[in-house]
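**Student:** Here is a sequence together with a model predicted from it:
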Amino acid sequence: MNNPKFLVAIILALTIITHISFVNNDFVWLDHNDIELEKAVVPLDKIGSVFFRPFGETSFYRPLVTVTNSIDNVIY
């Protein structure tokens, strides 16, 4: 149990097991608005503005999610 490689393997296995159901599923209801309609995606030159406005034009404040969605949008 004190082997670091064993602990990393256990953590990775648990992560994969808990997220395996996401692989073949489509977007959830919020993703259509936030990602597909790009309500929670901003151009990278305006990334600083996400810290001063609600998330996805909703009442939620989650700037790190908007930053992540925006970076994903540029990459993919």
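**Tutor:** Good, I have the coordinates.
**Student:** confidence score at the closest residue to Asp34 other than its chain neighbours?
**Tutor:** Spatially, and ignoring its direct neighbours in sequence, Asp34 is nearest to Ala40 (3.7 Å; Cβ to Cβ, 6 or more residues apart in numbering). From N, CA and C alone the C-beta is placed, and that goes for glycine too. On the pLDDT scale, Ala40 is placed at 80.
**Student:** Please verify my assumption that Ala40 contacts Thr66.
**Tutor:** Yes. Using Cβ atoms under 8 Å, Ala40 is in contact with Thr66, at 4.8 Å.
**Student:** longest helix anywhere in this protein?
**Tutor:** Longest helix in the chain, counting residues (DSSP state H): helix 4-19.
**Student:** What residues sit buried inside it?
**Tutor:** Using 16 or more other Cβ atoms under 10 Å as the test for burial, helix 4-19 gives no buried residues.
**Student:** number of nearby residues for the residue nearest to Asp34?
**Tutor:** For Ala40, the count of nearby residues is 26 (other Cβ atoms under 10 Å).
**Student:** do the one 10 residues further on as well
**Tutor:** By the criterion of other Cβ under 10 Å, Val50 has 21 neighbours.
**Student:** now it: how far from Asp34?
**Tutor:** Using Cβ to Cβ, to the nearest Å, Val50 is found at 12 Å from Asp34.
**Student:** on that earlier part again, send me the longest helix of the chain as PDB with only the CA atoms.
**Tutor:** Extracted C-alpha coordinates of helix 4-19, given in PDB (Å, rounded to 0.1, in the frame of the first residue of the first chain):
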ATOM      1  CA  PRO A   4       3.200   5.500  -5.000                       C
ATOM      2  CA  LYS A   5       2.600   3.800  -8.300                       C
ATOM      3  CA  PHE A   6      -0.100   1.600  -6.800                       C
ATOM      4  CA  LEU A   7      -1.900   4.600  -5.200                       C
ATOM      5  CA  VAL A   8      -1.800   6.500  -8.500                       C
ATOM      6  CA  ALA A   9      -3.200   3.400 -10.300                       C
ATOM      7  CA  ILE A  10      -6.000   3.200  -7.800                       C
ATOM      8  CA  ILE A  11      -6.900   6.900  -8.100                       C
ATOM      9  CA  LEU A  12      -6.900   6.600 -11.900                       C
ATOM     10  CA  ALA A  13      -9.000   3.500 -11.800                       C
ATOM     11  CA  LEU A  14     -11.600   5.100  -9.500                       C
ATOM     12  CA  THR A  15     -11.700   8.200 -11.700                       C
ATOM     13  CA  ILE A  16     -12.300   6.200 -14.800                       C
ATOM     14  CA  ILE A  17     -14.900   4.000 -13.100                       C
ATOM     15  CA  THR A  18     -16.900   7.000 -11.800                       C
ATOM     16  CA  HIS A  19     -16.800   8.800 -15.200                       C
END
